[in-house]
Structure formats: structure tokens, C-alpha cells
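J.: Please work out how this folds:
(chains A and B)
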There are 2 protein chains.
Amino acid sequence: MSVELKNDRLIRALLRQPVDMTPVWIMRQAGRYLPEYRKTRERAGDFMTLCKTPELACEVTLQPLARFDLDAAILFSDILTIPDAMGLGLSVIEKQGPRFEHPVRTATEINKLGIPDPESDLAYVTDAVRLIHKELNGKLPLIGFSGSPWTLATYMVEGQSSKTYSIIKGLLYNEPKTLHILMNTLAKSVATYLNAQINAGVDVVMVFDTWGGILTPDAYREFSLQYMQQIVDQLQRESHGKKIPVILFSKGIGNLIHDLANSGCDAVGLDWTQDIAEIRELVGNRVALQGNLDPAVLYASPDVITEQVSHILAGFGSAPGHVFNLGHGIHPEVNPDHVKVLVDSVHELSKPYHN
Amino acid sequence: MSVELKNDRLIRALLRQPVDMTPVWIMRQAGRYLPEYRKTRERAGDFMTLCKTPELACEVTLQPLARFDLDAAILFSDILTIPDAMGLGLSVIEKQGPRFEHPVRTATEINKLGIPDPESDLAYVTDAVRLIHKELNGKLPLIGFSGSPWTLATYMVEGQSSKTYSIIKGLLYNEPKTLHILMNTLAKSVATYLNAQINAGVDVVMVFDTWGGILTPDAYREFSLQYMQQIVDQLQRESHGKKIPVILFSKGIGNLIHDLANSGCDAVGLDWTQDIAEIRELVGNRVALQGNLDPAVLYASPDVITEQVSHILAGFGSAPGHVFNLGHGIHPEVNPDHVKVLVDSVHELSKPYHN
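T.: Below you'll find the model as predicted:
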């Protein structure tokens, strides 16, 4: 368990300690843009089988590391494993997104939900973590993750993604107490789940709040941020004498990033609509920042990619505490050669900022 | 043409002049949530026929005014009429959104585009404006509108709405000069079109920048805001001795609202993710603010609607310059009785702020 990391740039940057160059990893780095991923996925048959077979999850987790000089591995899994373990019946169909067979919408249905035991109900995840941890053998840190309570709730109540989120918002405005019961169950479940991932060997945990940005500022604080805060408070922040940094990422929340940075987390993720220089000024040095290249820049030619990377590095400046990433998951149509340009130029162009 | 308005609350609020109560209108107030609209639409056959038949467009424009005590009528039309007039072949299929038969993607295709002549190529719009103006007979102001150049460009290049906007963003990052040619043509076309609507009788114009929020801050300023600014500069701001206020609305731009408010427009629209009290502090009294109730609040019970209305009125406070609206178009599933609660409570609850 206590293997020394050969590359600890990510951990150091998340803890705002000096590094030799800015670490970089990519959301959905193990994904459809890689031909080798598409092959494994085909072998698995469907997406959830890929997630639920530790050997295959391990295989795809490692694929991008063989191609690119990335500073982290991220567990291959889905953000919605918890509601699946609660019995809602998750399926993920390509181009349609996730779908639950049994959405929960009433107080009765919500009150019945239990907190999954990760080591039994989500053993495929902790098994995958142990396997990847062993395979990595200290080469790179491993990031574990979950969807945020609010994001899990949107899918659990709607049954799928939505344009208007009318069902969960109806619940939010009409029966806030019922929704709070669901949110509490989810916050406890996510904390328990992430602690199990930490015990199984992940070095960093990240919470993806994909749908925090559909809320009004007040509702964001009450129904999304409050429960991420609970998770941060309940997380095991040290394991085997090493600190386990926590990253929170709410997409599309603008200035509410200021509130998110006050949650006690180590780092916040930025989407590409935020100006990293302005956000750094806004939140100061309380947390590290992760991000935030427009994923669409990877459609551009190598010199444009390099130019945009350089713009973000300059925006953040020279203090410690920057982890380079895209502002959202990598698009499936991207040319893998462009990813190499991105990763290498982050390393190369960031060196002057770390002298 | 120069009929005195019997209700000029909207105009006064947009020009930041005192009013007796806060004016209110609703984006997509003539729309699918109204059974009478669905009947007319059925009679028309399809959405574009409804837009292109002035008598029918007039009929649906007036429908919500018969039900609710609204402070404005808004021309029934589509934001994408200009590219349709350029020959791209617009169709709007329910639940699928707009689609262009002939997207433009190359410099050759873009260079070929001309600026439509509103009085011939878009006569169905100016005819509808004249008809509605006559029917209203000064009862209420009439709002004219167009999509923003950037929003028109996204549909023209992609051919439809998109999750990743890979084609137009590829153009933006790889061939910015080509995209600027398109943007210039569109800015001129929109300005010409809105001036024709003003000449035909609209009292206010609004530019809908639905997709400004998918851009990085730099790209927003360069490809969206710059061209809305050009439009503001080219608009006829007075007609028959009356001022014609201009409203700009970019969805999902967070703090960039500050830049938008510097464009010389009279008012900016806010989506529901913004805190109207904070935005008012940020932009000061330079412009009026329009918005910004979460459209999903209309799923809630009347007392919740009233409470949320009151929260926004209190957030804006007592100075002139607030136009109440939703933060986005009304959802098709909303109960019309709830809209009545909204409109009446805005009027009733805002009176104390205007003494």
C-alpha cells in the first residue's frame, strides 16, 4: 500500500507545493477517442460490463499512459455507480447517455434507499482500484471519483439526462424536505464509497458535479454545495501517512467557484468558460486550480493547441497549485496525436514558471 | 405609426425611468404551453408555416395577452429567419430543434452569402409586425428580435444544435479569419433586419445569444460580443420621435455580463443562474436588467411561485430599471394558471418598490 510515488507532481500541485513542471491529466483520458479503448469496449460488449469487470477496467485505465506522458491515472468507472448499487438499474447506451430502469420520485421510494456497502455492493470498483494500484506500482498517482450527490440525484429522479430537469426541479421547489432526505443519503453514500476507494489504494479523489450549473445560486448552495461539503468533512484525508487531496468540480457555476473553494477541498476544477487568471485572483491561494482548456481546442492544429496551452499557463502564472486539464471530458472525435501535443507542451512550456 | 402607448411600463423600465409597478413579459409567452397555440400550430401544419403566415403569427402573438396581464407583446417568429432567407433551408421539427438543409462550412460557401433584404426576403416578418402593430393599436409595446450573429453562425455551420460544437469550434480555432467574414455578414444582416422591424412598428428590439455561453471568455468577446456591439452601433435607436430600447441576452456567460453591459445597449437579460442582486452591484446603473426567474419554478405551487418572485424583486431592489422575466423560455409542460400567478404577483408585489 505505501509504495513511494515515482511521479508525485499531481499530489504536490494539488497540495500547492513546488513542482518542476505543471502536471497534466485529461478528463475521460481513457475513452472513445482511443482506438485501443474502442477495441476493449467491443470485447466487453457494453459499457457497464466494461466498468464491472476489474481486469477490463484496469486495462483501459492504463491505455492512455502507454501513449502519453500523463501525470496521473484515473480509475475507469462511471459517475453513477452508487445509484446502480442502490438497485436503480443503470444502463449506458452510446450516444443516448445513462438511463435508470427504476427512477425514484416519491418520498416512499426515497425513504427506502439504503447506503451501499462499497466492499460488497461495489466490489467491482474496489477490486479494480486494487488491481490498477498494483499494476501502476507507484509509477503514477491514481485518481478515484464519484458523481456529486446533486448530479446523482438528477439522474435518479429524472431517470436520464434532461433538457428541462422538470421532475427534480418540481421536487426541489415543491417538496424540498423530501429532496433533502435523498441528498443526505447520497452524501453519506458518496463519502463511504470514496473512503473505500482510498482504502483500496487511490491517491486522490474527485467529485464530479456535472449538473450543479443548472441551479440558481441559492439552490446550488442548498442542494449541491452543502452536500459536497459534507463529503469533504467525512473523507479520510490521510492514508498510510500520506495526504489524500480532494478535488471538487462543478460545471457551469461561474463565480460560485468562490463558495466551492471555501468548502475545505484541496482543489477546484474549472470549466473552459472561466478565465483562470480571474478565478485565481478571486479565490486567492486557498486551493489549487485544475483546468481549463476548451476541449474543442483539440480539433485545432498543433500550433493552435500550443498557443492556447501557453495562454492558460500564463493566466495561472508562477505560484504552485495548478493542475492542467481540459475544462470538460475529451470529445470522442479527437485525434490522439493532438493529445500528445497538449501533454508535451504543458510540460515543456510550464518549466519557466517553476524556477 | 405614432400611436401613444397606453401601457409604456416596459419602455420606461428599459430606459430606467420610474414606473408604478415592475413590468413583466415571458420569453416564449406565445408557445406550446398554451392549448390555443397548439391549435393554431396544428392548423398551420408545421412551425415554419406558422412563422411565415403573418395572420397566424399575429394570432399566436396576441394569444397570451388575452389570458394574462402582460406588459409587452413579442413578435412570434424564429431566431433563425436570417440564415433561412440566405437560402440555407430551415426546418423546425418538434423535439428535434432547428435544422438547416445546406450548412455552410468552407470559405467559398461563406463568401457567397449575401445580406438578405428584409422587405423582400423576409417580408413575412415585416408584414407580421405591421399586422400585430395594427391589432395592438397602442395597447402594449411590441418587441422584435433576432438571434445573435454567433448563435446564427453555430446553427449555420453545424446544421443543427450540437453537444460539442466541434465543427464551428474547429473553424474558430483553425480558421478564425474565415469565421470573422461570416460574423461580419451576419452582424450587418441582423442590424438591417432589426431596423426593418423598427420601421415596421416594433417598439423594442432584443438579440438572443443562446450559445454565447459555450465560448471561452476571450472567444466570447471576439466572436459573439464584438458583433452584437456592431449591431447596437448600427441600430436606429429612435423612430417617430420615440426611443427604441435594445436588449441583449447571452445565456450562460456569468460575469461576462459586465462586458455585455458596456456594449451601449439599454438592457441585458439574465439567465436564472445569475444572482440579480450581485449583477446589479456588478454593473451598477448603466443598463436595465431583465429576468431572471428559474423557468422550473413554474412547476411549483402558487405560494412557491409568489415566494420566488418576491425574492427576485427584493434582490433587484427599488431603483428603476427592472423588467421581470424568466431566465429562459417557458417550458412547454407548464400549467398556464401558474403563469397568471407569476404575472399578477410581479405586479402586486413590486408596487412597494416604486413609491
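J.: What residues does the stretch 251-355 of chain A have near chain B?
T.: For the stretch 251-355 of chain A, the contact set with chain B under CB under 8 Å from any CB of the partner chain comprises A:252-255, A:272-275, A:278, A:294-297, A:299-301, A:304, A:308, A:311, A:331, A:333. Every residue, glycine included, has its C-beta placed from N, CA and C.
J.: Please list the members of those that lie in strands.
T.: If you go by DSSP state E, those have nothing in strands.
J.: Could you tell me which of these count as buried?
T.: The neighbour-count test (16 or more other CB atoms under 10 Å in any protein chain shown) applied to these identifies A:252-255, A:272-275, A:294-297, A:299-300, A:304, A:308, A:331 as buried.
J.: Could you list the low-pLDDT ranges of chain A?
T.: Applying pLDDT under 70 to chain A picks out residues A:1-2.
J.: How about the residues of it by chain B?
T.: Applying CB under 8 Å from any CB, one finds that chain A approaches chain B through A:164-166, A:169-170, A:172-174, A:213-219, A:252-255, A:272-275, A:278, A:294-297, A:299-301, A:304, A:308, A:311, A:331, A:333.
J.: could you show me where the helices are in the stretch 1-150 of chain A, in order?
T.: Secondary structure of the stretch 1-150 of chain A (DSSP state H, counting those that start in this stretch): helices located at A:9-14, A:35-44, A:47-52, A:54-67, A:81-83, A:107-111, A:118-121, A:123-136, A:149-158.
J.: so can I have JSON lines of these showing mean neighbour count?
T.: Supplementary listing: those in JSON lines, determined by neighbours: other CB atoms under 10 Å in any protein chain shown:
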{"stretch": "helix A:9-14", "mean neighbour count": "25"}
{"stretch": "helix A:35-44", "mean neighbour count": "15"}
{"stretch": "helix A:47-52", "mean neighbour count": "19"}
{"stretch": "helix A:54-67", "mean neighbour count": "19"}
{"stretch": "helix A:81-83", "mean neighbour count": "26"}
{"stretch": "helix A:107-111", "mean neighbour count": "15"}
{"stretch": "helix A:118-121", "mean neighbour count": "16"}
{"stretch": "helix A:123-136", "mean neighbour count": "20"}
{"stretch": "helix A:149-158", "mean neighbour count": "26"}
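J.: what inclination does the lengthiest helix in chain A have with respect to helix A:149-158?
T.: When secondary structure is assigned using DSSP state H, the longest helix within chain A turns out to be helix A:176-200. The directions of helix A:176-200 and helix A:149-158 differ by 120 degrees, with axes from the mean of the first three to the mean of the last three CA atoms, to 10 degrees as the criterion.
J.: buried ones in helix A:176-200?
T.: For helix A:176-200, a neighbour-count test (16+ other CB under 10 Å) marks A:178-180, A:182-183, A:185-200 as buried.
J.: just checking, which of the buried ones among the residues of the stretch 251-355 of chain A next to chain B belong to helices?
T.: Using DSSP H to define helices, the subset of those located there is A:Val304, A:Gln308.
J.: so how far does stretch A:29-45 reach from one end to the other?
T.: Looking at stretch A:29-45, the gap from its leading to its trailing residue is 20 Å under the measure CA to CA, to the nearest Å.
J.: so how far is it from its chain's centroid?
T.: Relative to its chain's centre, stretch A:29-45 lies at 19 Å (CA atoms, centre = their mean, to the nearest Å).
J.: same thing with stretch A:326-336?
T.: 15 Å.
J.: which residues are contacting that stretch?
T.: Contacting residues not belonging to stretch A:326-336 are listed as A:26-29, A:31-35, A:67, A:251, A:270-274, A:291-296, A:298-299, A:339, B:164, B:166 [CB atoms under 8 Å, 6 or more residues apart in numbering or on different chains].
J.: Span of that stretch from start to end?
T.: Taking CA to CA, stretch A:326-336 runs 14 Å from one end to the other.
J.: and it, which residues are buried?
T.: Buried, per 16+ other CB under 10 Å, within stretch A:326-336: A:Leu326, A:Gly327, A:His328, A:Gly329, A:Ile330, A:His331, A:Pro332, A:Val334, A:Pro336.
J.: Name the nearest of those relative to chain B.
T.: The closest of those to chain B turns out to be A:His331 (CB to the nearest CB; 4.9 Å).
J.: Pop out the phi and psi values for the closest one.
T.: phi -80, psi 150 (degrees, to the nearest 10).
J.: Please apply the same query to A:Val268.
T.: Comment: the main-chain dihedrals of A:Val268 come out as phi -120, psi 140, following degrees, to the nearest 10.
J.: Please tell me I have it right and it contacts A:Arg286.
T.: No - in terms of CB atoms under 8 Å, A:Val268 does not count as a neighbour of A:Arg286; the distance is 9.3 Å.
J.: Those two: which is more packed in?
T.: More crowded of A:Val268 and A:Arg286, by other CB atoms under 10 Å in any protein chain shown: A:Val268, with 26 against 14.
J.: Report the contact partners of the more buried one.
T.: Remark: with contacts taken as CB under 8 Å, 6+ apart, A:Val268 is in contact with A:Ile247, A:Leu248, A:Phe249, A:Ile257, A:Leu260, A:Ala261, A:Val283, A:Val287, A:Ala288, A:Leu289, A:Gln290.
J.: Identify the bridge partners of the last one.
T.: On the basis of DSSP bridges, A:Gln290 is bridged to A:Gly269, A:Val323.
J.: Tell me which entries of the contacts of A:Val268 lie within strands.
T.: When the contacts of A:Val268 are checked against strands using DSSP E, the ones located there are A:Ile247, A:Leu248, A:Phe249, A:Ala288, A:Leu289, A:Gln290.
J.: burial of the nearest residue to A:Val157 once chain neighbours are set aside, as a residue count?
T.: Of all residues not flanking A:Val157 in the chain, A:Ile168 sits nearest, at 4.1 Å (CB to CB, 6 or more residues apart in numbering or on different chains). Other residues near A:Ile168 number 25, with proximity taken as other CB under 10 Å.
J.: Report the buried residues of the helix or strand containing A:Ile168.
T.: Using DSSP states H and E, A:Ile168 sits within helix A:166-174. Neighbour counts using 16+ other CB under 10 Å place A:Ser166, A:Ile167, A:Ile168, A:Lys169, A:Gly170, A:Leu171, A:Leu172, A:Tyr173 of helix A:166-174 among the buried residues.
J.: could you say what helices and strands it packs with?
T.: Other helices and strands packing on helix A:166-174, by 3 or more CB pairs under 8 Å, 6 or more residues apart in numbering or on different chains; DSSP states H and E, are helix A:149-158, helix A:176-200, helix B:302-316.
J.: and with 7 Å instead?
T.: On a contact count with 3 or more CB pairs under 7 Å, 6 or more residues apart in numbering or on different chains; DSSP states H and E, helix A:166-174 meets helix A:149-158, helix A:176-200.
J.: orientation of that helix relative to helix B:302-316 in degrees?
T.: Here helix A:166-174 runs at an angle of 80 degrees relative to helix B:302-316 (the same axes, to 10 degrees).
J.: Work out the gap between helix A:166-174 and the centre of the chain.
T.: The mean C-alpha position of helix A:166-174 is separated from the chain mean by 26 Å, CA atoms, centre = their mean.
J.: Could I get the CA-only coordinates of that helix as PDB?
T.: Written as PDB, here are the backbone C-alpha positions of helix A:166-174 (Å, rounded to 0.1, in the frame of the first residue of the first chain):
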ATOM      1  CA  SER A 166     -38.700  19.400 -14.700                       C
ATOM      2  CA  ILE A 167     -39.100  16.400 -12.400                       C
ATOM      3  CA  ILE A 168     -36.300  17.000 -10.000                       C
ATOM      4  CA  LYS A 169     -36.900  20.800 -10.000                       C
ATOM      5  CA  GLY A 170     -40.500  20.200  -9.300                       C
ATOM      6  CA  LEU A 171     -39.400  18.200  -6.300                       C
ATOM      7  CA  LEU A 172     -36.900  20.800  -5.300                       C
ATOM      8  CA  TYR A 173     -39.400  23.700  -5.300                       C
ATOM      9  CA  ASN A 174     -42.400  21.800  -4.100                       C
END
